[in-house]
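>>> fold the following and give me the result.
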Amino acid sequence: MKRLAKKPAKKDEVAELKREMARLKRESNAKIKTFESQVKSQGEDIQKKGVEIEKLKSGLVKKRTDLSQLKKESSERVKELESKIQEMTEELGKKENDLVASKKLLDEKDREFEKTKEDLFRLKGESSSKTEALELKVKEITEELGEKVKKLQSSKELLDQKEVDLNRLREELDYKNKQLTAKDMEMESYKKASEERIFQLEARVKELEAKTAQPSMTS
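Below you'll find the model as predicted:
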(Lines give C-alpha, C1' and ligand atoms only; values in the text may rest on other atoms or scores of the structure.)
Protein backbone atom coordinates (compact mmCIF):
# COMPACT_ATOMS: atom_id res chain seq x y z
CA MET A 1 0.00 0.00 0.00
CA LYS A 2 2.82 2.37 0.75
CA ARG A 3 4.44 1.73 -2.65
CA LEU A 4 1.19 2.52 -4.47
CA ALA A 5 0.87 5.86 -2.64
CA LYS A 6 4.23 7.12 -3.98
CA LYS A 7 3.21 7.04 -7.66
CA PRO A 8 0.70 9.93 -7.55
CA ALA A 9 3.31 12.08 -5.76
CA LYS A 10 5.80 11.54 -8.59
CA LYS A 11 3.16 12.35 -11.19
CA ASP A 12 2.37 15.59 -9.39
CA GLU A 13 6.07 16.44 -9.31
CA VAL A 14 6.43 15.79 -13.03
CA ALA A 15 3.37 17.90 -13.77
CA GLU A 16 4.78 20.71 -11.64
CA LEU A 17 8.11 20.52 -13.51
CA LYS A 18 6.30 20.68 -16.83
CA ARG A 19 4.33 23.73 -15.71
CA GLU A 20 7.57 25.36 -14.50
CA MET A 21 9.25 24.62 -17.84
CA ALA A 22 6.30 26.07 -19.75
CA ARG A 23 6.40 29.20 -17.60
CA LEU A 24 10.17 29.56 -18.15
CA LYS A 25 9.68 29.15 -21.92
CA ARG A 26 7.00 31.87 -21.96
CA GLU A 27 9.19 34.24 -19.96
CA SER A 28 12.21 33.42 -22.16
CA ASN A 29 10.20 34.05 -25.36
CA ALA A 30 8.90 37.35 -23.96
CA LYS A 31 12.44 38.46 -23.05
CA ILE A 32 13.75 37.40 -26.45
CA LYS A 33 11.05 39.47 -28.21
CA THR A 34 11.84 42.45 -25.98
CA PHE A 35 15.57 42.15 -26.73
CA GLU A 36 14.87 41.75 -30.46
CA SER A 37 12.73 44.90 -30.41
CA GLN A 38 15.47 46.80 -28.55
CA VAL A 39 18.14 45.53 -30.97
CA LYS A 40 16.02 46.56 -33.96
CA SER A 41 15.38 50.02 -32.48
CA GLN A 42 19.04 50.51 -31.59
CA GLY A 43 20.06 49.28 -35.06
CA GLU A 44 17.80 51.88 -36.69
CA ASP A 45 19.19 54.53 -34.35
CA ILE A 46 22.76 53.52 -35.27
CA GLN A 47 21.87 53.70 -38.98
CA LYS A 48 20.36 57.18 -38.55
CA LYS A 49 23.42 58.37 -36.62
CA GLY A 50 25.66 56.92 -39.36
CA VAL A 51 23.74 58.87 -42.03
CA GLU A 52 24.01 62.06 -39.94
CA ILE A 53 27.76 61.50 -39.50
CA GLU A 54 28.20 61.04 -43.26
CA LYS A 55 26.23 64.26 -43.92
CA LEU A 56 28.41 66.18 -41.47
CA LYS A 57 31.57 64.74 -43.00
CA SER A 58 30.33 65.61 -46.49
CA GLY A 59 29.48 69.17 -45.36
CA LEU A 60 32.92 69.53 -43.80
CA VAL A 61 34.61 68.38 -47.02
CA LYS A 62 32.54 70.88 -49.04
CA LYS A 63 33.41 73.67 -46.61
CA ARG A 64 37.08 72.82 -46.91
CA THR A 65 36.81 72.81 -50.72
CA ASP A 66 34.99 76.17 -50.70
CA LEU A 67 37.58 77.65 -48.35
CA SER A 68 40.43 76.37 -50.54
CA GLN A 69 38.81 77.93 -53.61
CA LEU A 70 38.19 81.21 -51.78
CA LYS A 71 41.79 81.28 -50.55
CA LYS A 72 43.02 80.68 -54.09
CA GLU A 73 40.80 83.42 -55.56
CA SER A 74 41.65 85.84 -52.75
CA SER A 75 45.37 85.10 -53.14
CA GLU A 76 45.18 85.77 -56.87
CA ARG A 77 43.22 88.99 -56.27
CA VAL A 78 45.68 90.09 -53.58
CA LYS A 79 48.61 89.48 -55.94
CA GLU A 80 46.81 91.39 -58.68
CA LEU A 81 46.13 94.31 -56.34
CA GLU A 82 49.69 94.31 -55.02
CA SER A 83 51.02 94.34 -58.61
CA LYS A 84 48.64 97.19 -59.48
CA ILE A 85 49.68 99.13 -56.36
CA GLN A 86 53.36 98.61 -57.23
CA GLU A 87 52.74 99.79 -60.79
CA MET A 88 50.81 102.86 -59.63
CA THR A 89 53.41 103.60 -56.97
CA GLU A 90 56.15 103.57 -59.59
CA GLU A 91 54.02 105.71 -61.91
CA LEU A 92 53.28 108.07 -59.02
CA GLY A 93 57.00 108.36 -58.29
CA LYS A 94 57.67 109.16 -61.93
CA LYS A 95 54.91 111.79 -61.96
CA GLU A 96 56.34 113.31 -58.79
CA ASN A 97 59.77 113.51 -60.44
CA ASP A 98 58.19 115.09 -63.54
CA LEU A 99 56.35 117.52 -61.30
CA VAL A 100 59.57 118.50 -59.51
CA ALA A 101 61.34 118.98 -62.88
CA SER A 102 58.43 121.04 -64.21
CA LYS A 103 58.47 123.20 -61.07
CA LYS A 104 62.20 123.71 -61.43
CA LEU A 105 61.79 124.71 -65.08
CA LEU A 106 58.91 126.99 -64.13
CA ASP A 107 61.08 128.72 -61.53
CA GLU A 108 63.82 129.18 -64.11
CA LYS A 109 61.33 130.67 -66.58
CA ASP A 110 59.99 132.89 -63.83
CA ARG A 111 63.47 134.21 -63.12
CA GLU A 112 64.06 134.67 -66.84
CA PHE A 113 60.79 136.57 -67.10
CA GLU A 114 61.72 138.84 -64.22
CA LYS A 115 65.13 139.48 -65.79
CA THR A 116 63.51 140.25 -69.15
CA LYS A 117 61.12 142.68 -67.47
CA GLU A 118 64.05 144.41 -65.84
CA ASP A 119 65.86 144.56 -69.18
CA LEU A 120 62.73 145.96 -70.77
CA PHE A 121 62.45 148.77 -68.25
CA ARG A 122 66.16 149.45 -68.52
CA LEU A 123 66.12 149.56 -72.30
CA LYS A 124 62.87 151.43 -72.68
CA GLY A 125 64.72 154.48 -73.85
CA GLU A 126 66.45 152.61 -76.67
CA SER A 127 65.22 152.10 -80.21
CA SER A 128 61.62 150.99 -80.73
CA SER A 129 62.76 147.94 -82.73
CA LYS A 130 64.70 146.60 -79.79
CA THR A 131 61.76 147.42 -77.56
CA GLU A 132 59.40 145.49 -79.85
CA ALA A 133 61.81 142.56 -79.87
CA LEU A 134 61.91 142.57 -76.10
CA GLU A 135 58.13 142.85 -75.89
CA LEU A 136 57.83 139.92 -78.30
CA LYS A 137 60.26 137.97 -76.15
CA VAL A 138 58.23 138.82 -73.05
CA LYS A 139 55.05 137.71 -74.84
CA GLU A 140 56.65 134.40 -75.89
CA ILE A 141 57.95 133.79 -72.43
CA THR A 142 54.57 134.72 -70.94
CA GLU A 143 52.75 132.31 -73.29
CA GLU A 144 55.31 129.59 -72.62
CA LEU A 145 54.97 130.25 -68.92
CA GLY A 146 51.18 129.96 -69.21
CA GLU A 147 51.52 126.63 -71.03
CA LYS A 148 53.90 125.34 -68.36
CA VAL A 149 51.46 126.42 -65.65
CA LYS A 150 48.64 124.53 -67.42
CA LYS A 151 50.80 121.42 -67.81
CA LEU A 152 51.84 121.68 -64.19
CA GLN A 153 48.20 121.97 -63.08
CA SER A 154 47.23 119.01 -65.29
CA SER A 155 50.09 116.94 -63.86
CA LYS A 156 49.01 117.87 -60.33
CA GLU A 157 45.38 116.85 -61.01
CA LEU A 158 46.54 113.54 -62.53
CA LEU A 159 48.77 112.96 -59.54
CA ASP A 160 45.86 113.64 -57.16
CA GLN A 161 43.68 111.17 -59.11
CA LYS A 162 46.40 108.52 -58.96
CA GLU A 163 46.65 109.00 -55.20
CA VAL A 164 42.85 108.53 -54.89
CA ASP A 165 43.03 105.32 -56.98
CA LEU A 166 45.96 104.06 -54.93
CA ASN A 167 44.08 104.66 -51.65
CA ARG A 168 41.02 102.88 -53.06
CA LEU A 169 43.11 99.85 -54.06
CA ARG A 170 44.73 99.78 -50.62
CA GLU A 171 41.29 99.84 -48.97
CA GLU A 172 40.12 97.03 -51.25
CA LEU A 173 43.20 95.00 -50.35
CA ASP A 174 42.55 95.55 -46.63
CA TYR A 175 38.91 94.51 -47.09
CA LYS A 176 39.91 91.32 -48.93
CA ASN A 177 42.40 90.44 -46.19
CA LYS A 178 39.75 90.99 -43.50
CA GLN A 179 37.24 88.91 -45.48
CA LEU A 180 39.75 86.07 -45.83
CA THR A 181 40.53 86.20 -42.11
CA ALA A 182 36.78 86.08 -41.27
CA LYS A 183 36.32 83.05 -43.56
CA ASP A 184 39.26 81.30 -41.89
CA MET A 185 37.68 81.89 -38.46
CA GLU A 186 34.27 80.71 -39.70
CA MET A 187 35.77 77.56 -41.16
CA GLU A 188 37.73 76.78 -38.00
CA SER A 189 34.57 77.26 -35.91
CA TYR A 190 32.51 75.05 -38.23
CA LYS A 191 35.28 72.44 -38.33
CA LYS A 192 35.54 72.39 -34.53
CA ALA A 193 31.75 72.08 -34.11
CA SER A 194 31.50 69.36 -36.77
CA GLU A 195 34.37 67.34 -35.33
CA GLU A 196 32.86 67.62 -31.84
CA ARG A 197 29.45 66.51 -33.18
CA ILE A 198 31.04 63.60 -35.08
CA PHE A 199 32.94 62.56 -31.94
CA GLN A 200 29.71 62.63 -29.90
CA LEU A 201 27.79 60.65 -32.52
CA GLU A 202 30.55 58.06 -32.88
CA ALA A 203 30.64 57.68 -29.09
CA ARG A 204 26.86 57.26 -29.10
CA VAL A 205 27.10 54.64 -31.87
CA LYS A 206 29.74 52.71 -29.91
CA GLU A 207 27.54 52.89 -26.80
CA LEU A 208 24.51 51.62 -28.74
CA GLU A 209 26.57 48.85 -30.36
CA ALA A 210 27.84 47.81 -26.93
CA LYS A 211 24.29 47.73 -25.56
CA THR A 212 23.17 45.73 -28.59
CA ALA A 213 25.93 43.20 -28.09
CA GLN A 214 25.14 42.69 -24.36
CA PRO A 215 21.72 40.94 -24.81
CA SER A 216 23.28 38.60 -27.40
CA MET A 217 26.05 37.65 -25.01
CA THR A 218 23.54 37.14 -22.19
CA SER A 219 21.25 34.89 -24.27
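>>> residue ranges in this structure under the pLDDT threshold?
Scanning the chain for pLDDT under 70 picks out the ranges 1-9, 123-131, 214-219.
>>> who are the packing partners of the lengthiest helix in the chain?
Counting residues, the longest helix in the chain under DSSP state H turns out to be helix 2-122. Judged by 3 or more CB pairs under 8 Å, 6 or more residues apart in numbering; DSSP states H and E, helix 2-122 is in contact with helix 128-218. From N, CA and C alone the C-beta is placed, and that goes for glycine too.
>>> run the chain-centre distance for the helix it packs on.
Relative to the chain's own centre, helix 128-218 is displaced by 13 Å; criterion: CA atoms, centre = their mean, to the nearest Å.
>>> what number of residues lie near residue 69?
Look at residue 69: counted by other CB atoms under 10 Å, it has 10 neighbours.
>>> ignore what I typed, I meant residue 134.
By other CB under 10 Å, the residues close to residue 134 number 19.
>>> any idea how far the closest residue to it other than its chain neighbours is from residue 187?
Counting by CB to CB, 6 or more residues apart in numbering, residue 120 is the residue found nearest to residue 134 once chain neighbours are left out, at 4.8 Å. Residue 120 sits 78 Å away from residue 187 when distances are taken as CB to CB, to the nearest Å.
>>> looking at the two, which has the bigger crowd around it?
The neighbour comparison of residue 120 against residue 187 (other CB under 10 Å) goes to residue 187, with 18 against 15.
>>> got a list of what the more buried one touches?
Counting by CB atoms under 8 Å, 6 or more residues apart in numbering, residue 187 touches 63, 64, 67.
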